[in-house]
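A.B. asks: everything below, folded, please.
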Amino acid sequence: MPASVLLQPLGSVAPPPNSRLVMAVGSNAAPSVLRRKLDHLGDAVEPALCRVRVANITVGHSAHVAARGYIPAAPVHAGQGVLTTVGAWLTPSQTEALDRTEPNYDRRTVNTHDHPLQLADRLPGVPTPDEFDLYVSRHGVLADPDGGSVLPFGDQPTVLAWLARRLGVTELDGPPADVCARLATGDLGARVTGLMRAAGLSQPAWPSLAADGGAR
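C.D. replies: Predicted coordinates:
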């Protein structure tokens with residue numbers, strides 16, 4: 001996909017043959033991010049984007065520090081709740097390329113029987129699919145170690161303060177921009193990720209991961 005080509009407005013492009021619907025949680029919902037991750041393919045086929053609503057999924061925080069020093073978003077299997085986000089219809093080569101940009105996540109296939117799906121943007125000749133993919137954190141999601149309740153997705157000041165209270169790491173104190181800069185430097189991010197796990201602050205985001213004994 002040439003850099004000069006902009007992704008089309010939501011719901012304006014029909015998906016290419018053999019494409020899969022991949023849900024975006026976090027930065028992948030931004031067309032500019034998706035463009036950057038797929039630009040090296042030089043693919044003339046543009047991803048078709050659409051707005052979606054998915055039942056029984058919410059958003060929390062992955063129990064790891066991203067390379068740029070922030071605590072990223074991650075989907076959470078939930079008996080109640082609705083996720084409103086953007087989906088991208090991706091070809092096999094685009095899907096594989098996106099996989100390579102997500103080393104901290106597993107792409108998992110989810111059926112629309114357990115997670116009913118509504119396409120807010122009706123693309124030409126495209127029925128609602130029986131299944132879709134989304135990226136589930138290999139690290140689990142942040143949760144209270146006592147009650148097990150998942151920390152709802154929030155801004156970085158909120159999640160960093162939540163971690164600081166529980167980990168006692170002085171580097172997590174201070175203005176969020178400064179904290180993220182510190183976490184992106186050296187091995188501090190990896191150390192804090194390990195401390196999250198050691199403190200019992202992570203739990204599997206998906207039932208099958210719990211049954212398998214953790215993320216693969």
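A.B. asks: make it CA atoms for all contacts and neighbour counts henceforth
C.D. replies: Noted.
A.B. asks: may I have stretch 126-136 exported as CSV, CA atoms only?
C.D. replies: The C-alpha trace of stretch 126-136 is given here as CSV (Å, rounded to 0.1, in the frame of the first residue of the first chain):
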residue,chain,number,x,y,z
VAL,A,126,-20.8,-8.0,2.7
PRO,A,127,-22.9,-10.1,5.1
THR,A,128,-22.1,-10.2,8.8
PRO,A,129,-19.4,-12.8,9.2
ASP,A,130,-19.7,-15.9,11.4
GLU,A,131,-16.3,-15.2,13.0
PHE,A,132,-13.7,-12.5,13.4
ASP,A,133,-10.2,-12.1,14.8
LEU,A,134,-8.8,-10.0,17.6
TYR,A,135,-5.5,-9.6,19.3
VAL,A,136,-5.4,-11.0,22.9
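A.B. asks: list the buried residues for that stretch?
C.D. replies: Buried residues in stretch 126-136, counted by 16 or more other Cα atoms under 10 Å: 131-136.
A.B. asks: which of the residues you listed sits closest to residue 50?
C.D. replies: Residue 50 lies nearest to residue 132 out of the buried residues of stretch 126-136, by Cα to Cα, at 13.0 Å.
A.B. asks: hang on, isn't residue 63 packed against residue 195?
C.D. replies: No: between residue 63 and residue 195 there is no contact, the gap being 9.8 Å when judged by Cα atoms under 8 Å.
A.B. asks: can you give me the helices for the chain?
C.D. replies: 31-38, 92-100, 156-167, 176-183, 188-198, 207-211 (DSSP state H).
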